[in-house]
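Undergrad: My questions concern the predicted model and sequence given below.
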Amino acid sequence: MKLNQNELSLAVHGAVETEQRDGYTFFLRFTKKQREYYATTEFSGKEWGSSGMYLEFVTDAEHLRFEYKEIKASSQCFYYFDLFINGKMVTHVGTDAYDGAEEGIYDEALPAGEKTVRLYFPNLSGTGIRNVELMNATVFRPTEKKLNYVAYGDSITQGYTAKEPSLTYVNLLGAALDANVYDLGIGGERFQPLMIDENYPVAADIVTVAYGTNDWCVLNAENGLRQMKEFLQKLTQVHKDSVIYVILPIWRGNGAEDVQKALGTLEDYRAVLRAEAKKHEQITVIEGIDLVPHHADFYVKDQLHPNALGFTQYAKNLLNEIKASNRI
């Protein structure tokens, strides 16, 4: 069984649009308006990243096979696919290094009988696919989710350093909530009102916002506070029917907690963001400082980005905070 474009679109979760490029279909997490904005910024190219996206369907196929093309969409030069069968991870394939554009063939044997297949796309590269085949299949049934979850954020939200795309905090949380995940994370990003599309096509049940650590690092007080306020105001208008959680910056183990910037210490910045977010009744503030344990073992070498272990703690603790809020 070869999937047509409509069947493929039904099976891909986390995309709002598609675009044809070099003979491949690229599934895109940002709208055309958002992509056009990012193309004019220092983050140009990152809008192509396939963070949060996965194929999921029920089938009795013996093999899943397709051709793919990966293009660079972050500062990282690795990509991996994670395959789950009936909720259990069975393969993790890809490469630790590529030159920024690579083509290949994904071909994995599947267990006998009817099963649910979920294949996470690489989170830090852009993924184009074509000629998707389910060998000897008589069943193909795309899955449906209970919720729509939209995640705004920086590199941590995009899943930097996570070679297992299934283990980003966004994907872990989405799986726990049985939600379609729309990951709008961009490495290095800050509160930026211009990236919010007033006509964003997803009716989100849950929205998380996790900016701040980059704002604190690089912005002066005037710009930092203005962009924060404008972003939150616009966000609550665009997602007026959504439950919104603003996550304050997580702990940084690189000594930054004691550094003075234009916006004060990082804790000073957390206090300002907390106060600003609480002005909006629609927003629940989540204290990010303890989402990831304050220990080097939970971070990569920069002591800023969580590793896989850190992401699992982030997701688990964030899920507990969301449940405790009694808003979903």
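TA: All right, it came through fine.
Undergrad: Only alpha carbons, please: show stretch 8-16 as CSV.
TA: What follows is stretch 8-16, C-alpha atoms only, in CSV (Å, rounded to 0.1, in the frame of the first residue of the first chain):
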residue,chain,number,x,y,z
LEU,A,8,-0.1,11.0,4.5
SER,A,9,-1.4,14.3,5.8
LEU,A,10,-3.9,12.5,8.0
ALA,A,11,-1.2,10.3,9.5
VAL,A,12,1.3,13.2,10.2
HIS,A,13,0.7,14.9,13.6
GLY,A,14,2.2,18.3,14.5
ALA,A,15,2.1,20.0,11.1
VAL,A,16,0.0,23.0,10.0
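Undergrad: For it, buried residues please.
TA: 8, 10-16 (16 or more other CB atoms under 10 Å). C-beta here means a position set from N, CA and C on the backbone, and glycine is covered the same way.
Undergrad: So which of these sit within strands?
TA: 12-13 (DSSP state E).
Undergrad: pLDDT weak spots in the stretch 151-300 of the chain?
TA: The model of the stretch 151-300 of the chain has no residue with pLDDT under 70.
Undergrad: Would you map the helices across it?
TA: 155-158, 169-177, 213-218, 221-238, 266-277 (DSSP state H, counting those that start in this stretch).
Undergrad: Report the distance from the third one to the chain centre.
TA: Counting by CA atoms, centre = their mean, to the nearest Å, helix 213-218 is centred 20 Å from the centre of its parent chain.
Undergrad: quick one: contacts of it?
TA: 154, 156, 188-191, 224, 227-228, 249-250, 252, 256, 261, 263, 266, 269, 304 (CB atoms under 8 Å, 6 or more residues apart in numbering).
Undergrad: Show me which residues of that helix are buried.
TA: Result for helix 213-218 [16+ other CB under 10 Å]: buried residues 213-217.
Undergrad: Mind listing the residues bridging to residue 183?
TA: Using DSSP bridges, the bridge partners assigned to residue 183 are residue 151.
Undergrad: Please tell me how far residue 78 sits from residue 94.
TA: The gap separating residue 78 from residue 94 is 7 Å, by CB to CB, to the nearest Å.
Undergrad: Overlap of the contact sets of those two?
TA: In contact with both residue 78 and residue 94: 122, 163, using CB under 8 Å, 6+ apart.
Undergrad: So what does the closest residue to residue 12 other than its chain neighbours have for phi and psi?
TA: Nearest residue to residue 12, sequence neighbours excluded (CB to CB, 6 or more residues apart in numbering): residue 27, at 5.0 Å. Backbone torsions for residue 27, taken as degrees, to the nearest 10, come to phi -90, psi 130.
Undergrad: how many neighbours does the residue nearest to residue 277 when sequence neighbours are not counted have?
TA: Leaving out its chain neighbours, the residue that sits closest to residue 277 by CB to CB, 6+ apart is residue 246, at 4.2 Å. For residue 246, the neighbour count with other CB atoms under 10 Å is 25.
Undergrad: so residue 246 makes contact with residue 270?
TA: No - under the criterion of CB atoms under 8 Å, residue 246 is not in contact with residue 270, lying 10.7 Å apart.
Undergrad: List the contacts of residue 284.
TA: 243-246, 325, 327.
Undergrad: In PyMOL, how would I select just the buried ones from those?
TA: Here is the PyMOL command that picks out the buried ones among the contacts of residue 284, judged by 16+ other CB under 10 Å:
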select buried, resi 243+244+245+246
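Undergrad: May I ask which two of the contacts of residue 284 are separated the most?
TA: Maximum pairwise distance among the contacts of residue 284 (CB to CB): 12.9 Å, between 246 and 327.
Undergrad: Can you give me the buried ones in stretch 32-49?
TA: Here stretch 32-49 shows 34-35, 37-38, 43, 46-49 as buried, counting by 16+ other CB under 10 Å.
Undergrad: Tell me which entries of those lie within helices.
TA: 34-35, 37-38 (DSSP state H).
Undergrad: need the residues you listed in TSV with distance to residue 147 and pLDDT, can you?
TA: What follows is these, written out as TSV (distance: CB to CB, whole Å; pLDDT from 0 to 100):
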residue	distance to residue 147	pLDDT
34	22	98
35	25	97
37	27	98
38	26	97
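Undergrad: right, and the pair among the residues you listed with maximum separation?
TA: Farthest apart among these - using CB to CB - are 35 and 37, which lie 7.2 Å from each other.
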